[in-house]
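**Student:** 3D, please:
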Amino acid sequence: MYWRENRKPAYLLLADGSIYEGVSIGKEGTTVGEAVFATAMVGYQELLTDPSYFGQIVIQTFPLIGNYGVNSTDPESDRCYLNGYIVREWCEIPSNFRCEGNVDEYLKAQNVVGIADVDTRSLTRKIREVGVMNAVITTENVYEKKEELLEKIRDYSIKQAIESTSCKQMQKFSCEHPKYHVALFDFGYKHNIRRELLQRGCNVTVVPCKTTAQEIASLGVDGIMLSNGPGDPADNPEIITNLKEVAKLGIPIFGICMGHQLFALANGAKTVKLKYGHRGANQPVKDLKHDRTYITSQNHGYAVVSDSIDPQVGELSHVNVNDNTCEGVRYKAFPAFTVQFHPEAAAGPHDTAYLFEEFLGMMNERKAK
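**Tutor:** Purely as a prediction, here's the structure:
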C-alpha cells in the first residue's frame, strides 16, 4: 500500500525479547513504556489525549486507524500523555467534515513515537496470555542495540503519574445557569467529565491532586468529583491520606476510575494489578441495585479487591460481567459512590450517564437540608 512507501523502518522490542518489524509513524526515535492494548474501534484521538495512558505504549486492536482524521475539538486533555502508539494500518487521506489532519501529522506534532504495519492481533494475543509488559519502539537498528534496549526495558517503571498529569493551580469553569458548585480533583482528568458537569448546571473548580480538605471546605462546594488518572493508585499515600479527611467533610462525592481506586484505598480497601487490564468501549457491567447490565467505556490496569471492602463502610454496587471484578462501590458512612468505568465515555457508550443525575440528586438533597 502507498502509505508504506518511503517510510523509515521501525521496530517493536518486547520485554521477552521478541521483535516486531514495521514502519515509522509519528516522531522518529526511541521510546520505552508499558505495552497495553485498547479495543475501541473509534475514539483514537480521545485515547491519544487521555492522561490515564501516561507512560504507556498503546496497541490499537482495531486494524485500521485514522479514517476520520483528527481535529481540535476532540482531545480529552491539552496534549498526548502516552509514550508510544502501535497500529496495524493508518489512513493517510482521511475523510470527514470535521477533519483537520491525519494521525501521522498529529503524532509528529505531539512528539509521539509510533509504529505501523505490525501484526496487532498476534501482539494482543501475547499480552492476553502473558500480561502487560514493558516495550521499546525505535527507528534505530534494534538488532545492533538489542541488549542496550532490553536494559532500558528492564529499568523502566511509571513514576509520579498523577503529579505529572494534574494541574498545578485551581481552574474555574462556569455554566450559563448554575445550580451547583463542584470541586473536580484532577488526578489526570478527561475534559468530558467537566463538560458533563457543566451541561448539568454545575460550575466546576478543577483542583490539583493534593488539594487539602481544608482548602476544599473553603470553596463552599456542593459536591466533589474524583477524576480518572494514570498509574498505580497505591503509589499515592499523601493523596490517599488526604481523601480520608475529604470524606469527613460530609460533602457528596462521586469518583471515577482512579478516583474510585484512591477513595477505596482511603477507606481501607485494597487494589490489585490486572493481568492485562480493561481498555475499550464495550465492557459489560452489572448494576447490582437495579439488576441491569450496561455497556461501558473503560481504561484501567488496576482494580479494587471486592472482598477487601469493609461492609460497615461500603458495599459493592457494580461488577464486571466478564471477570466479576469490582466496578463500583456505594458508601454507607458518608454520601459517596464511585465507579471503575467511565460514565462520561468520550469515546464510548453513554449507558451509565444516569450516574451524573444521581450525583446531582445527592447534592440537591444536601442543599435542601
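**Student:** what about the stretch 101-250 of the chain, any weak spots by pLDDT?
**Tutor:** Scanning the stretch 101-250 of the chain for pLDDT under 70 picks out no residues.
**Student:** need the strands for it, in chain order.
**Tutor:** 113-116, 133-138, 171-173, 180-185, 202-207, 223-226 (DSSP state E, counting those that start in this stretch).
**Student:** now those strands in CSV, with mean neighbour count and distance to residue 344?
**Tutor:** No exception for glycine: its C-beta is placed from N, CA and C like everyone else's. Output for these, formatted as CSV (neighbours: other C-beta atoms under 10 Å; distance: least, C-beta to C-beta, whole Å):
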stretch, mean neighbour count, distance to residue 344
strand 113-116, 26, 27
strand 133-138, 25, 29
strand 171-173, 13, 15
strand 180-185, 24, 11
strand 202-207, 22, 13
strand 223-226, 27, 10
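**Student:** so where's the longest helix in the chain?
**Tutor:** Secondary structure of the chain per DSSP state H: the longest helix is helix 354-368.
**Student:** who touches it?
**Tutor:** Applying C-beta atoms under 8 Å, 6 or more residues apart in numbering, the external contacts of helix 354-368 come out as 180, 182, 196-197, 200-202, 222-223, 225, 250-252, 254, 335, 337, 339, 343-344.
**Student:** what subset of those residues is buried?
**Tutor:** 180, 182, 196-197, 200, 202, 222-223, 225, 251-252, 254, 335, 337, 339, 343-344 (16 or more other C-beta atoms under 10 Å).
**Student:** in helices only, show me those residues.
**Tutor:** 196-197.
**Student:** what are the ranges of the helices in the stretch 1-150 of the chain?
**Tutor:** 44-48, 103-109, 120-130, 146-155 (DSSP state H, counting those that start in this stretch).
**Student:** looking at the ones you listed, which is closest to residue 272?
**Tutor:** Minimum separation from residue 272 across the helices of the stretch 1-150 of the chain (C-beta to C-beta) falls at helix 120-130, 17.5 Å.
**Student:** okay, the closest one in PDB with CA atoms only?
**Tutor:** Output in PDB follows, covering the C-alpha atoms of helix 120-130 (Å, rounded to 0.1, in the frame of the first residue of the first chain):
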ATOM      1  CA  THR A 120      -1.500  -6.300  16.300                       C
ATOM      2  CA  ARG A 121      -3.600  -9.500  16.600                       C
ATOM      3  CA  SER A 122      -0.500 -11.500  17.400                       C
ATOM      4  CA  LEU A 123       0.700  -8.800  19.800                       C
ATOM      5  CA  THR A 124      -2.600  -8.600  21.600                       C
ATOM      6  CA  ARG A 125      -2.800 -12.400  21.900                       C
ATOM      7  CA  LYS A 126       0.600 -12.400  23.500                       C
ATOM      8  CA  ILE A 127      -0.300  -9.700  26.100                       C
ATOM      9  CA  ARG A 128      -3.600 -11.500  26.900                       C
ATOM     10  CA  GLU A 129      -1.700 -14.700  27.600                       C
ATOM     11  CA  VAL A 130       1.400 -13.300  29.300                       C
END
